[in-house]
Every structure is written in C-alpha cells, then in structure tokens.
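# Provided below for reference: sequence and predicted model.
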Amino acid sequence: MTDGIDNKVDLKESIVGKIVSVFAVVPPQKDIMIFVDDVFAETKVRLEEMANTARAAYYEDIFDERLERLRTLGCPAFILNKLETKKVEVVSMASALNIPDNRDSLIPVISSHYLTIYSQLEMINFNGITGGTDLESSHIMNALRKGISQNDGKIFDGVYFILDIDDGANTEKMTCAEADERIRGKNRFPLTVEEIIALLLQRTEPPVCNLLAGGSRYEQDDRIPFCTTEDDKTWLKTCFFNTVHPNSVTPSCGERV
C-alpha cells in the first residue's frame, strides 16, 4: 500500500515538475496570455502522452498475465508463440477502447483448428475441477459467420483475442433469443464455445452462473451450447434458444483481434 502511495506521489511530482519547467522558460517580450495558452496546450499534449504510455503498459501487463495463465495450464508452446505475435495489435486496440472497470479487458482465444474443444475443456482447472462434454464437436457451429464477411470470419480459424468482455449479468432470466437481441442492439457480440472456454481458462474459480455461448449452435439453430458446473466438473451441454435457462447468462465482447 505504501509503495502505491509513493508511486502516485512520484507521478504527481513528475507532472508538476514538467509544468514548472515549461513556465521557467518564458521568452522575453512575449504576450503573457499567448504564452500561457501555449503552455497549457503543450502541457495537455505531455499529459496525454504520459496517460497513453501508462495505459499501454497496463494492458501489456494483462496480456502477459493471460499468456502466463495458459502456460501454467499446459497450453502448447507453439500456440503461446502465435498469441505473443499479436501483442502490439491487441494492446493498441485495448488502449484505444473505453473499457469500463467492471469488464474484462482482453482474453486469448484458441480456435478448435489449433486445439480441440475436448483438449481445451480438460485444461480448465478450478482447484482440480476440469471440464468435459458428451457433445460431438463436429456438430458445434459458429452462428456468427452468417453475418460477417469471409475475411472477418477468418479470425475464428486461428488464435485471437476478444476485448471488452461483459459478464452478461444483465441477461439473466432472458431467453437466448432475447439476450442475443439485446447484445446485438448494443453493437456487441455473443461469445462462441471457444470464447466461453477461453473465459473459464483464465479463472481460478467456477462461475456462479451457467455461461451461454450465444455465438454458437449445436446440430440445429434452436440449440445453444453452454458451460455449467456439476458434480465437481465443468460440463459443456445445450439448451434451447427460445427457453429461459435457469441461473444462466450470455457474455459478450466488443471486439475481436
């Protein structure tokens, strides 16, 4: 706590020092009001630069923490290396977004092209609680592909990041259809199965609600995959699109990169 206070004091002193240094070089015979305007303009630029640097450093730390979590869970090195190559792009986009404090900023996602859903479910670890499913992975479809271009759809075939993740708390007691409409009405996107698993991989405790993968379907358009915790195991199951599933929420994201 003391270190945190000292850091804030040092930052304030640094900012004040920069402002004072600007005022210390008042040129002779220059209109003082014009000079003051120039000083405030320069100070604003410097403060914005400092804020941008601090914001980027903040998201770089989160990026590193996310990959380290996957490493401890046994994620293959070649996948971690591919995720690492996206660091500059992901940090830049996260820094540009106005992500609320109550949302997760960035989560790495591994498509089933690189690691099967079964393998990813087995990587989940809540104090020994792993994941499993009786579903046929070949029957799980990405419903989001229907509404996006072919180039945008390619992102789902690799490793990528979801940004600005909402936990879906405001969708509880809604049908999947109602939640989907609310999410899309805010220009956001319901998560796919791989993205729901990606969320769980970053957690150390099981979620209190079932997580509905509104961006995916199973076998037909009216069945939605979801993750739930039962009998000390995280299971991937399905529910119906137009039915309220008890104790369930539909998470969403703002961007994919």
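Yes, it's here.

# What are the boundaries of the helices in the stretch 101-250 of the chain?
117-123, 150-153, 176-185, 193-201 (DSSP state H, counting those that start in this stretch).

# Comparing those by mean pLDDT, which bottoms out?
Lowest mean pLDDT within the helices of the stretch 101-250 of the chain: helix 150-153, a mean of 73.

# that older thread, ranking the helices of the stretch 101-250 of the chain by burial, who's on top?
Of all the helices of the stretch 101-250 of the chain, helix 193-201 has the most neighbours on average by mean count of other C-beta atoms under 10 Å, namely a mean of 24. Bear in mind the C-beta positions are built from the backbone N, C-alpha and C, glycine included.

# Alpha carbons of that helix, as CSV, please.
Provided in CSV are the C-alpha atoms of helix 193-201 (Å, rounded to 0.1, in the frame of the first residue of the first chain):
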residue,chain,number,x,y,z
VAL,A,193,-18.0,-22.0,-27.4
GLU,A,194,-14.2,-21.5,-27.8
GLU,A,195,-14.6,-18.0,-26.3
ILE,A,196,-16.6,-19.2,-23.3
ILE,A,197,-13.9,-21.8,-22.7
ALA,A,198,-11.3,-19.1,-23.0
LEU,A,199,-13.0,-17.2,-20.2
LEU,A,200,-13.0,-20.2,-18.0
LEU,A,201,-9.4,-20.9,-18.6
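
# what's it packed up against?
The contact analysis (3 or more C-beta pairs under 8 Å, 6 or more residues apart in numbering; DSSP states H and E) places helix 193-201 against strand 104-110, helix 117-123, strand 159-165, strand 210-212, strand 223-230, strand 233-240.

# which of those sits most buried?
strand 210-212 (a mean of 26).

# now the helices of the stretch 101-250 of the chain in CSV, with distance to E84?
CSV is the format used below for the helices of the stretch 101-250 of the chain (distance: least, C-beta to C-beta, whole Å):
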stretch, distance to E84
helix 117-123, 18
helix 150-153, 23
helix 176-185, 30
helix 193-201, 16
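
# Quick one: closest of the ones you listed to K87.
Distance to K87, taken as C-beta to C-beta, is lowest for helix 193-201 among those, at 16.6 Å.

# hmm, who's touching the closest one?
By C-beta atoms under 8 Å, 6 or more residues apart in numbering, the residues outside helix 193-201 that reach it are 69-70, 73, 104, 107-112, 117, 120-121, 123-124, 131, 140, 156, 162, 165, 191, 206-207, 211-213, 215-216, 225-227, 234, 236, 251, 253.

# Any chance of the helices and strands packed on helix 193-201 in CSV with distance to V257 as columns?
Formatted as CSV, the helices and strands packed on helix 193-201 follow (distance: least, C-beta to C-beta, whole Å):
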stretch, distance to V257
strand 104-110, 9
helix 117-123, 20
strand 159-165, 5
strand 210-212, 22
strand 223-230, 23
strand 233-240, 25
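
# For T175, find the nearest of these.
strand 233-240 (8.3 Å).

# quick one: that closest one to helix 193-201, angle?
150 degrees (axes from the mean of the first three to the mean of the last three C-alpha atoms, to 10 degrees).

# distance of G215 from S95?
Separation of G215 from S95 (C-beta to C-beta, to the nearest Å) stands at 25 Å.

# Kindly report the same for I165.
Relative to S95, and taking C-beta to C-beta, I165 is found at 16 Å.

# got it, and A56?
On the measure of C-beta to C-beta, A56 and S95 end up 5 Å apart.

# cool, and E172?
Counting by C-beta to C-beta, the gap from E172 to S95 is 31 Å.

# higher neighbour count, those two?
S95 (19 against 16; other C-beta atoms under 10 Å).

# Check the more buried one and give its pLDDT.
94.

# what's the angle from the helix or strand harbouring it to strand 104-110?
Per DSSP states H and E, S95 falls inside helix 87-96. Interaxial angle, helix 87-96 versus strand 104-110 (the same axes, to 10 degrees): 150 degrees.

# With that, I have no additional questions.
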